[in-house]
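>>> task: produce atomic coordinates for the following.
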Amino acid sequence: MEQSINLTIIKLIGYVSSLMTVFLWFIFIFINPYSEVTNQSSIIISMVMLVLPAGLLAIGVSLNRSLLMLLAFIWSFPYSLYMLLTPGIFRLFGITSLMYLLCFVLFRIIKIRF
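Purely as a prediction, here's the structure:
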């Protein structure tokens, strides 16, 4: 019983971090207060480096696959680290990436393997 509660909380953390990344990405692309124009290459690069790993994390959480969560963290970490070092709201990309790692670690703690 307690493990299912813990698993529910961990899954909630994963889904929230994934949705938060997508929400921040929409702000970054369409309502960016720091830039007037976002070029096509920025949209594609940020989508590949932020949105696709968020989707991979959501799939990993729904399938109880910790390896997918680790891959999502490794994939998103370089771009998220870059965003973490910028001023403003987009620092939250770094926090969401660290939440990916937290989900992976918590899955491993409760003995969900790969």
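
>>> please count neighbours and contacts with C-alpha atoms only from this point.
Will do.

>>> flag the shaky bits of the chain, pLDDT-wise.
Where the chain drops to pLDDT under 70, the residues are 1-5.

>>> now do the helices in it.
Counting by DSSP state H, one finds helices in the chain at the ranges 2-30, 40-46, 52-63, 66-84, 92-109.

>>> now those as CSV including mean neighbour count?
CSV is the format used below for the helices of the chain (neighbours: other Cα atoms under 10 Å):
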stretch, mean neighbour count
helix 2-30, 17
helix 40-46, 12
helix 52-63, 21
helix 66-84, 20
helix 92-109, 21
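
>>> these two touch, right, Met99 and Ile13?
Yes: with contact defined as Cα atoms under 8 Å, Met99 reaches Ile13; the gap is 7.3 Å.

>>> now Leu84: closest residue in space, sequence neighbours ignored.
Distances taken as Cα to Cα, 6 or more residues apart in numbering place Arg91 nearest to Leu84, at 4.1 Å, with adjacent residues excluded.

>>> residues contacting that neighbour?
For Arg91, the contacting residues are Ser80, Met83, Leu84, Leu85, by Cα atoms under 8 Å, 6 or more residues apart in numbering.

>>> list just the nearest of the residues you listed to Glu36.
Nearest to Glu36 among those: Met83, at 17.9 Å, using Cα to Cα.

>>> need the contact list for that closest one.
Phe90, Arg91, Leu92, Phe93, Gly94 are the contacts of Met83 under Cα under 8 Å, 6+ apart.

>>> surely the first one and Tyr79 touch.
Think Phe90. No: using Cα under 8 Å, Phe90 is not in contact with Tyr79, being 11.1 Å away.

>>> which one of the contacts of Met83 sits closest to Phe107?
Nearest to Phe107 among these is Gly94, at 20.2 Å by Cα to Cα.

>>> tell me how far that closest one lies from Ser62.
Gly94 is 22 Å from Ser62, where distance means Cα to Cα, to the nearest Å.

>>> cool, Cys103 as well?
12 Å.

>>> nice, that's everything, thank you.
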